[in-house]
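1. Got a sequence here, can you build the structure:
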Amino acid sequence: MAEAALIAALDAAEPAAADAVRAEDFAAAMAALATLRAPIDAFFDSVTVNDPDPAKRAARLALLARVRDAVHAVADFSKIEG
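-> Below you'll find the model as predicted:
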């Protein structure tokens, strides 16, 4: 299931990215986050985030918030102008 795969990918990528940021190895931090691309793509291809079931919807929105938080722990892309 794409949802479980994304959770597993986050479980691996988050600590790897955090360790890399602490070591000031930002290339490694971005590489850790890059591993999320395929699981995120699969998630959006096969999962309805706004499910009619409120519990599923809330869990899926929380999962997406976790992805956002993982990215923001490495870089705040809202600071980029253009």
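2. Tell me where this structure has helices.
-> Ranges of helices in the chain, per DSSP state H, are 2-22, 26-34, 37-46, 54-72.
3. Need the per-residue pLDDT for the residue nearest the centre of the chain.
-> Residue closest to the average C-alpha location in the chain (Cα atoms, centre = their mean): Val67, at 2.5 Å. pLDDT, the model's per-residue confidence, is 96 for Val67.
4. Same check on Gly82?
-> Per-residue confidence for Gly82 comes out at a pLDDT of 68.
5. Among the helices of the chain, which comes closest to Ser78?
-> Each of these was checked against Ser78 via Cβ to Cβ, and the shortest separation belongs to helix 54-72, namely 8.5 Å. (Each C-beta comes from the backbone N, C-alpha and C, glycine too.)
6. mind showing which ranges of the chain have poor pLDDT?
-> With pLDDT under 70 as the threshold, the chain has low-confidence stretches at 82.
7. quick revisit: kindly provide the distance from the residue nearest to the centre of the chain to Ile7.
-> Computed as Cβ to Cβ, to the nearest Å, the Val67 to Ile7 distance reads 10 Å.
8. circling back to that earlier point, show me what contacts the residue nearest to the centre of the chain?
-> Leu6, Leu10, Leu36, Ile40 (Cβ atoms under 8 Å, 6 or more residues apart in numbering).
9. how about those residues in CSV, adding distance to Ala55?
-> Output for those, formatted as CSV (distance: Cβ to Cβ, whole Å):
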residue, distance to Ala55
Leu6, 17
Leu10, 20
Leu36, 24
Ile40, 22
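10. how close does the residue nearest to Ala70 when sequence neighbours are not counted get to Ala29?
-> Here the nearest residue to Ala70 in space, its sequence neighbours aside, is Glu14; by Cβ to Cβ, 6 or more residues apart in numbering that works out to 5.1 Å. For Glu14, the distance to Ala29 equals 11 Å [Cβ to Cβ].
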